[in-house]
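**Student:** Dropping the sequence and predicted coords here.
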Amino acid sequence: MIKRVINEDTGLYFFEIGSEINTGELVKGTKYLVSKKAGTSSVIPTGLQVGDIFLCQKDSVTLGEGDAVKPLTMSKLCGFQNIDGTMDREQVDITALCDDSTTYRAGRLNLELSGTLVVETSNDDEETTTDIVMGNLITLLDQQTDDSYNRSTIGETKNVAIVLTEGIAGADVKDLTLYTPVQISSGGFSGGTNSAKTGDVSLVVTTGDFKPQFVKEKRIVA
């Protein structure tokens with residue numbers, strides 16, 4: 001069945017990439033980045049290459065010789081109220097002077113994301129989306145329960161997973177997720193007296209441990 005996606009379905013995750021593992025069993029329900037793949041003997045699903053991200057959907061998958069992956073630790077902080085994305089594959093003009101028509105070669109991918117988040121705070125040491133987004137643009141000092149302060153890191157590359165289908169119910173859903181390393185390029189906040197304060201944020205793709213990719217795969221229902 002075809003399912004239509006609307007904005008309220010979107011989930012926003014930040015994630016960390018763990019150390020490489022090349023022995024033992026994969027954990028069902030965990031997402032992995034492929035770092036090495038053996039030939040025909042590989043237990044990593046057919047069609048995946050080094051640099052791809054996938055969700056382990058089976059029990060008792062034991063890594064064999066030549067296979068290696070890095071586990072992803074996902075942290076969901078909130079969803080987008082709205083989100084916009086533009087993708088542009090730069091075209092490089094390689095026309096020779098004697099050619100009758102213009103010739104191009106595909107260049108770098110430009111991907112820009114922008115959206116609106118609800119501004120949020122906390123009464124404990126829990127990190128919020130506002131902390132990550134605003135603290136990446138301007139120094140944010142967050143007092144902890146032990147009276148120390150955490151200082152945000154400005155200009156840090158973040159690994160982002162945007163699940164465009166998260167709000168769609170059903171065990172038969174194939175989730176569509178955009179994975180990309182990003183820099184937070186701009187942000188701001190606004191809101192009326194009796195309305196939720198919102199934060200606008202713009203993200204630009206940067207160089208990371210993997211290339212931007214859309215992944216569409218079956219959902220695991222607990």
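**Tutor:** That came in fine, so what should we check first?
**Student:** C-alpha only now, for contacts and for neighbours.
**Tutor:** Fine.
**Student:** So which residues of the protein form strands?
**Tutor:** Secondary structure of the chain by DSSP state E: the strands cover 11-17, 31-36, 53-55, 68-78, 82-93, 104-118, 141-143, 149-151, 158-163, 174-190, 198-205, 213-218.
**Student:** Please list the residues outside the helix or strand of the chain with the lowest mean pLDDT that contact it.
**Tutor:** Every helix and strand of the chain was ranked by mean pLDDT, DSSP states H and E. The lowest is strand 104-118, at a mean of 76. Outside of strand 104-118, the residues within contact range by CA atoms under 8 Å, 6 or more residues apart in numbering are 78-95, 196-205.
**Student:** any idea of the angle that strand forms with strand 11-17?
**Tutor:** 110 degrees (axes from the mean of the first three to the mean of the last three CA atoms, to 10 degrees).
**Student:** Just the buried residues of strand 104-118, please?
**Tutor:** Going by neighbour count (16 or more other CA atoms under 10 Å), the buried part of strand 104-118 is L111, E112, L113, S114, G115, T116, L117, V118.
**Student:** Pick out whichever of those sits closest to F210.
**Tutor:** L111 (14.3 Å; CA to CA).
**Student:** measure that closest one to G11 for me?
**Tutor:** 19 Å (CA to CA, to the nearest Å).
**Student:** got it, and D52?
**Tutor:** 20 Å.
**Student:** just to revisit the earlier point, weed out the non-buried ones from the contacts of strand 104-118.
**Tutor:** Buried, going by 16+ other CA under 10 Å: 78-81, 83, 198-205, out of these.
**Student:** which two from those end up farthest apart in space?
**Tutor:** T198 and V205 (22.8 Å).
**Student:** so which of the strands of the chain gets nearest I2?
**Tutor:** That would be, of the strands of the chain and by CA to CA, strand 174-190, which comes in at 10.0 Å.
**Student:** Please name every helix or strand in contact with that closest one.
**Tutor:** helix 129-135, strand 158-163, strand 198-205, strand 213-218 (3 or more CA pairs under 8 Å, 6 or more residues apart in numbering; DSSP states H and E).
**Student:** partner strands of the longest one, parallel or antiparallel?
**Tutor:** Okay, so that is strand 198-205. Take DSSP bridges as the rule and strand 198-205 pairs in its sheet with strand 104-118 (antiparallel), strand 174-190 (antiparallel).
**Student:** Can you lay out those strands as JSON lines showing distance to V160?
**Tutor:** Formatted as JSON lines, the strands paired with strand 198-205 follow (distance: least, CA to CA, whole Å):
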{"stretch": "strand 104-118", "distance to V160": "11"}
{"stretch": "strand 174-190", "distance to V160": "5"}
